[in-house]
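Trainee: task: produce atomic coordinates for the following.
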Amino acid sequence: MEKIIGSGLIFKNGSFLLVNAKVGAAKDFWNNPGGHKEEYETIEECAAREVKEETGFDVKISRLIGTYSRRAKKYVYECEIIGGDLDLPIDEIADAKWFTIDQIRQLANITFGAKQSALDFLNGCFNQEYHTAEIP
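Mentor: All right, here's what the predicted structure looks like:
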């Protein structure tokens, strides 16, 4: 069974919030906050829960920006911060930073899904689907 990831794209004041994981497949990479879907929840619920766990922010889930597949299928949703404060789980997340799209373009250690979802969002492209194994 394919692993499902729920993830959030947070855009505020011209910048995107990305996290750098200490563990997992995205270890040492900048990525959208997100994680594995639990059996009992929808993908949207998963994205909101994972954003909260990895950043401390409560978010309202909006549109699906896209799905980005490789070893797992990652669903990235547009999110709006509605509460909370930045509070990183020290055992899981090394850092969180706000990046402009120009900074994102320059990052070498960023996941394909994080970079592409930011580009898709800014270009007004939603419901995109990518299979990264097919991309050189």
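
Trainee: what pairs with the one helix or strand in the chain whose mean pLDDT sits lowest, parallel or antiparallel?
Mentor: Here the helix or strand of the chain ranked lowest by mean pLDDT, DSSP states H and E is strand 128-131, holding a mean of 92. Strands that pair with strand 128-131, judged by DSSP bridges, come out as strand 57-69 (parallel).

Trainee: so after the strand it pairs with, what's the next helix or strand?
Mentor: strand 72-84 (DSSP states H and E).

Trainee: quick one, that next one and strand 57-69 angle?
Mentor: 170 degrees (axes from the mean of the first three to the mean of the last three C-alpha atoms, to 10 degrees).

Trainee: contact partners for the residue most central in space within the chain?
Mentor: Nearest to the geometric centre of the chain sits residue 32, at 2.1 Å (C-alpha atoms, centre = their mean). Contacts for residue 32 (C-beta atoms under 8 Å, 6 or more residues apart in numbering) come out as 7-9, 18-19, 74, 76, 111, 113-114, 117. Where you see a C-beta, it was placed from the backbone N, CA and C, and this is true even at glycine.

Trainee: from these, which land in strands?
Mentor: Among the contacts of residue 32, the members found in strands (DSSP state E) are 7-9, 18-19, 74, 76.

Trainee: longest helix of the protein?
Mentor: helix 43-55 (DSSP state H).

Trainee: re the thing from before, got TSV for the ones in strands among the contacts of residue 32, with pLDDT too?
Mentor: Shown next, in TSV, are the ones in strands among the contacts of residue 32 (pLDDT from 0 to 100):
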residue	pLDDT
7	98
8	98
9	98
18	98
19	98
74	95
76	98
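
Trainee: of the residues you listed, which is the most crowded?
Mentor: residue 8 (31 neighbours; other C-beta atoms under 10 Å).

Trainee: close enough to count as contact, it and residue 59?
Mentor: Yes: judged on C-beta atoms under 8 Å, residue 8 makes contact with residue 59 at a distance of 5.8 Å.

Trainee: perfect, I'm done here.
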